[in-house]
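Trainee: Turn this into a model:
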Amino acid sequence: MFHIMARIKVIDFNAWKQAYDRGRSLRDSVGIREFNLWRNVDDPLDVMLLLHATHIAKARAYFESEELAQRMAAAGVQGPPEIVYLSDSQ
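Mentor: As a prediction, this is how the structure comes out:
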């Protein structure tokens, strides 16, 4: 199991969240599922996600895809996300 920390800035949280929720089937198709979603207490438009991924290569391809970039822009994400790929410590 791999994990992904993603941090984004959004223009409107509620609009972004609706778009994010609509993208669940696409995330599921590449083995990504949501674990936690947080909002910064001092800036509620600063969103952090912790996701689980079954295949790191598929997750990278998803996050680097032009399709996702277009979806995020349409959902009001400001700039590219900060992404960190993590694995369990062994």
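
Trainee: and stretch 22-40, which residues are buried?
Mentor: By neighbour count on 16 or more other Cβ atoms under 10 Å, the buried set for stretch 22-40 is 27, 30-32. Bear in mind the C-beta positions are built from the backbone N, C-alpha and C, glycine included.

Trainee: And it, end to end?
Mentor: By Cα to Cα, to the nearest Å, the extent of stretch 22-40 from end to end equals 23 Å.

Trainee: what does that stretch rub up against?
Mentor: Applying Cβ atoms under 8 Å, 6 or more residues apart in numbering, the contact partners of stretch 22-40 are 3-4, 13, 45-55, 58-59, 61-62, 71.

Trainee: hmm, who's touching stretch 48-60?
Mentor: 1-8, 27, 30-40, 85, 87.

Trainee: can we see that at 7 Å?
Mentor: By Cβ atoms under 7 Å, 6 or more residues apart in numbering, the surrounding residues in contact with stretch 48-60 are 1-7, 30-38, 85.

Trainee: about what we covered before: can you flag which of the contacts of stretch 22-40 belong to helices?
Mentor: Mapping the contacts of stretch 22-40 onto helices (DSSP state H) picks out 13, 58-59, 61-62, 71.

Trainee: just these now: which is nearest A19?
Mentor: Proximity of the ones in helices among the contacts of stretch 22-40 to A19 (Cβ to Cβ) peaks at R71, which lies at 6.9 Å.

Trainee: Nearest residue to the closest one in space, please, no chain neighbours.
Mentor: G23 (6.4 Å; Cβ to Cβ, 6 or more residues apart in numbering).

Trainee: how close does that neighbour sit to K17?
Mentor: Computed as Cβ to Cβ, to the nearest Å, the G23 to K17 distance reads 11 Å.

Trainee: Give the buried residues for stretch 8-16.
Mentor: Going by neighbour count (16+ other Cβ under 10 Å), the buried part of stretch 8-16 is 8-10, 16.

Trainee: how far does it sit from the chain's center?
Mentor: On the basis of Cα atoms, centre = their mean, to the nearest Å, stretch 8-16 sits 12 Å off its chain's mean C-alpha point.
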